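In: compute the structure for the input listed below.
(chains A and B)
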Amino acid sequence: GNSVTQMEGPVTLSEEAFLTINCTYTATGYPSLFWYVQYPGEGLQLLLKATKADDKGSNKGFEATYRKETTSFHLEKGSVQVSDSAVYFCALVLSGNTPLVFGKGTRLSVIA
Amino acid sequence: SQTIHQWPATLVQPVGSPLSLECTVEGTSNPNLYWYRQAAGRGLQLLFYSVGIGQISSEVPQNLSASRPQDRQFILSSKKLLLSDSGFYLCAQTRPTGLEAFFGQGTRLTVV
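Out: I've put the predicted structure just below:
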């Protein structure tokens, strides 16, 4: 089946530290890949996406590259801020009429 | 732009009582609609999804049900709530021609 595996959290970093959250996937076809962010008490917001191999999604200083050879889509940011504290979800989808498959989420806490 | 309305935002219900959570969407015709549940400290669990009026796919057998009486309305129900039904319920939509999902703000349900 299709699945997404994320690194276990929580992740605690100091402000301006480098962030990596690992994400790997298993899929029966060629998925599109996403990172979503959930701030406390809110729904999920799309952070970035990539629809084919070697695509790089980027937004708000976050980046992730679709690596087909390693079936990965790791999230990175060069310098985190306290406002980046949230839960981050990696997800995949195979086609427009199928549900997104989510990882379990990684909680990030950034301290000043 | 797509807007998803979920209500209520918070709900406290006794065990054995009924449940009705409503989700309505704006800005898209014939959307695919989804109900997810997020238990405390856990990831997202897909409960139901719908690709059209009256069409419901259930992902997890439990005492919840879903209905789609109108194109842009998706309702999550239960006849008798259990303690284990507590969680954060999220409605989401995808456009017929799109892949990424857009989420509502969620309903936090506490069963006591």
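In: what about residue 99, how many residues nearby?
Out: Looking at chain A here, since you left the chain open. Summarising burial for residue A:99: neighbours were counted as other C-beta atoms under 10 Å in any protein chain shown, giving 20. Backbone N, C-alpha and C define where each C-beta goes, glycine included.
In: that's the other chain; I wanted chain B
Out: When neighbours are defined as other C-beta under 10 Å, residue B:99 has 19 of them.
In: what's the closest non-adjacent residue to residue A:96?
Out: Excluding the flanking residues, the one nearest residue A:96 by C-beta to C-beta, 6 or more residues apart in numbering or on different chains is residue B:99, at 6.1 Å.
In: for residue 24, give me its contacts.
Out: Here I'm looking at chain A. For residue A:24, the contact set (C-beta atoms under 8 Å, 6 or more residues apart in numbering or on different chains) comprises A:4, A:5, A:70, A:71, A:72, A:73.
In: that's the wrong chain, I wanted chain B
Out: With contacts defined as C-beta under 8 Å, 6+ apart, residue B:24 is in contact with B:4, B:5, B:72, B:73, B:74.
In: how about those residues in CSV, adding neighbour count, pLDDT and secondary structure?
Out: As requested, those are exported to CSV (neighbours: other C-beta atoms under 10 Å in any protein chain shown; pLDDT from 0 to 100; DSSP: H, G, I helix; E, B strand; the rest coil):
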residue, neighbour count, pLDDT, secondary structure
B:4, 25, 93, strand
B:5, 14, 93, strand
B:72, 19, 94, coil
B:73, 15, 96, strand
B:74, 30, 97, strand
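In: for those, which one is nearest chain A?
Out: When these are ranked by distance to chain A (C-beta to the nearest C-beta), residue B:4 comes first, at 7.9 Å.
In: what's the spacing between the helix or strand containing residue A:25 and its chain's center?
Out: Assigned by DSSP states H and E, residue A:25 belongs to strand A:23-26. Averaging C-alpha positions (C-alpha atoms, centre = their mean, to the nearest Å) puts strand A:23-26 10 Å from its chain's average.
In: by mean pLDDT, flag the weakest helix or strand of chain A.
Out: strand A:101-102 (a mean of 92; mean pLDDT, DSSP states H and E).
In: direction included, what does it pair up with?
Out: Strand A:101-102 pairs in its sheet with strand A:86-93 (antiparallel), by DSSP bridges.
In: what average pLDDT does the partner strand get?
Out: Strand A:86-93 shows a mean pLDDT of 95.
In: run a quick neighbour tally on residue 110.
Out: Just so you know, I chose chain A. For residue A:110, the count of nearby residues is 19 (other C-beta under 10 Å).
In: could you do chain B instead?
Out: Residue B:110: 12 neighbours (other C-beta under 10 Å).
In: likewise for residue B:26?
Out: Considering only other C-beta under 10 Å, residue B:26 is surrounded by 12 other residues.
In: so what's it bridging to?
Out: With DSSP bridges as the criterion, residue B:26 is bridged to residue B:3.
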